[in-house]
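1. Have a look at this prediction, sequence included:
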Amino acid sequence: MSLKQSQIALSNYPYFRYSLRYTLDSLQRLGANAIELYACDPHFHIDDCGLPQVIAMKKMLRDRGLRPICLTPEQVKYPVNIASTNPVARKRSMETYTKVIQYANELECPTVQFFAGWGPLDEPYEKAWPRSVEALSCLANLAEGYGVTITIEAADRALTVLTGTDRIARMLRDVGSPNLHGMIDTVCLKACHETIEDAIRNITPERLRHFHFSDVNMEGDGVDHIIPGEGTMDLDHVLDQLDRAGYRGYLSLELMSPYEYAAEDAMRKGAEWMRARME
């Protein structure tokens, strides 16, 4: 396998009930270098931060040898929707994403991860699509100026207009920006009833720039974002397919509940599982 341990990115996802200082110290203890920075309260909620907080975050990361490779704002639990039917909500959401791009640039973080927005479930699906295209086109143009890449992922329709990786491919065509790319999330593969082969084929290796890696319970509605090796997804097969596709981006370890009471232990186990399989 040619996937490298240097492609593993740890993250602050399971630390959302811990202070920022504890979280960064923990990631340092685990030997992290590349990290995905989940921008949520109490760590770094975008709407609560300005330039002083960004500069402070940059120093805290640098002091611990941590390098942010993707800045991902909370956009599921918080009311962020760039395809909203409400123009006021769309404007506020665009302002949040604009700050994410600007803050990523200041943090020397090359990538951000956005949701493409969603429409009401009682609205015809296609009506939300042009709102999303317009918003992502503006954001991708801004990101190009800052030298930042936006990645977008597929999920359930209640979360995004991108209900499959074929929709990601369509969005990339409709926006037509070199700074907008696709990503894959193992949990979203389950939600979209897709295989890793489907996702790589639809997005194409050339446009695949990020990956959220965790185990999944493939049967029923069980808890997802599980420590690798503790769910039922064939993650060795996922890694093999990424290797065959020549993937050279990061695999970000995304763990959430039920690990908030033992975040460091969960992140350690996940990192050990991944490191054991990469060169």
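-> That came through, no problem.
2. Going by C-alpha atoms from here, please, whenever you check contacts or count neighbours.
-> OK.
3. any idea which helix or strand of this structure has the worst average confidence?
-> One helix or strand of the chain scores below all others by mean pLDDT, DSSP states H and E: helix 186-191, with a mean of 94.
4. which of the residues in the helix or strand following that helix are buried?
-> Downstream of helix 186-191, the next assigned helix or strand under DSSP states H and E is helix 196-203. Buried residues in helix 196-203, counted by 16 or more other C-alpha atoms under 10 Å: 196, 199-200, 202-203.
5. give me the low-pLDDT residue ranges for the stretch 151-279 of the chain?
-> Within the stretch 151-279 of the chain, the set of residues satisfying pLDDT under 70 comprises 222-223.
6. what ranges do the strands span in it?
-> 180-185, 208-213, 250-253 (DSSP state E, counting those that start in this stretch).
7. Just send the ones you listed back as TSV, with mean neighbour count and distance to Pro79 too.
-> Below are the strands of the stretch 151-279 of the chain laid out as TSV (neighbours: other C-alpha atoms under 10 Å; distance: least, C-alpha to C-alpha, whole Å):
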stretch	mean neighbour count	distance to Pro79
strand 180-185	25	21
strand 208-213	23	22
strand 250-253	26	24
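8. and Arg277, which of those is closest to it?
-> Minimum separation from Arg277 across these (C-alpha to C-alpha) falls at strand 250-253, 12.6 Å.
9. And the contacts of that closest one?
-> Surrounding strand 250-253, the residues in contact under the criterion C-alpha atoms under 8 Å, 6 or more residues apart in numbering are 7-11, 35-36, 209-214, 267, 270-271.
10. Repeat that for stretch 209-224.
-> 151, 181-187, 190, 225-233, 235, 249-255.
11. Ends of that stretch, what's the gap?
-> 22 Å (C-alpha to C-alpha, to the nearest Å).
12. now stretch 188-203
-> 14 Å.
13. show me what contacts Leu239?
-> Applying C-alpha under 8 Å, 6+ apart, the residues near Leu239 are Leu3.
14. Distance check, it against Gln7.
-> 12 Å.
15. cool, and Asp122?
-> Per C-alpha to C-alpha, Asp122 is found 41 Å from Gln7.
16. neighbour-wise, which of these two wins?
-> Between Asp122 and Gln7, Gln7 has the larger neighbour count (other C-alpha atoms under 10 Å), namely 19 against 6.
17. what sits against that one?
-> Applying C-alpha under 8 Å, 6+ apart, one finds that Gln7 lies in contact with 34, 248-251.
18. can I get these in CSV with distance to Glu108?
-> Listed next are the contacts of Gln7 as CSV, based on distance: C-alpha to C-alpha, whole Å:
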residue, distance to Glu108
Ala34, 12
Arg248, 19
Gly249, 17
Tyr250, 16
Leu251, 19
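19. Now for the residues you listed: which two are most distant?
-> Across the contacts of Gln7 (C-alpha to C-alpha), the longest gap, 13.8 Å, separates Ala34 and Arg248.
20. Which one of these two is surrounded by more residues?
-> Using other C-alpha under 10 Å as the criterion, Ala34 and Arg248 rank with Ala34 on top: 22 against 17.
21. dump the residue contacts of that one.
-> 6-10, 66-69.
22. make it 7 Å
-> For Ala34, the contacting residues are 9-10, 66-69, by C-alpha atoms under 7 Å, 6 or more residues apart in numbering.
23. can you pull up the bridge partners for it?
-> Arg67 (DSSP bridges).
24. Now do it against Pro14, distance only.
-> 16 Å.
25. Going along the chain, name the helices of the protein.
-> 20-29, 51-63, 87-106, 125-146, 165-175, 186-191, 196-203, 235-244, 263-275 (DSSP state H).
26. With distance to Gly117 as new columns, can these be given to me in JSON lines?
-> Listed next are the helices of the chain as JSON lines, based on distance: least, C-alpha to C-alpha, whole Å:
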{"stretch": "helix 20-29", "distance to Gly117": "28"}
{"stretch": "helix 51-63", "distance to Gly117": "26"}
{"stretch": "helix 87-106", "distance to Gly117": "9"}
{"stretch": "helix 125-146", "distance to Gly117": "6"}
{"stretch": "helix 165-175", "distance to Gly117": "12"}
{"stretch": "helix 186-191", "distance to Gly117": "16"}
{"stretch": "helix 196-203", "distance to Gly117": "19"}
{"stretch": "helix 235-244", "distance to Gly117": "27"}
{"stretch": "helix 263-275", "distance to Gly117": "29"}
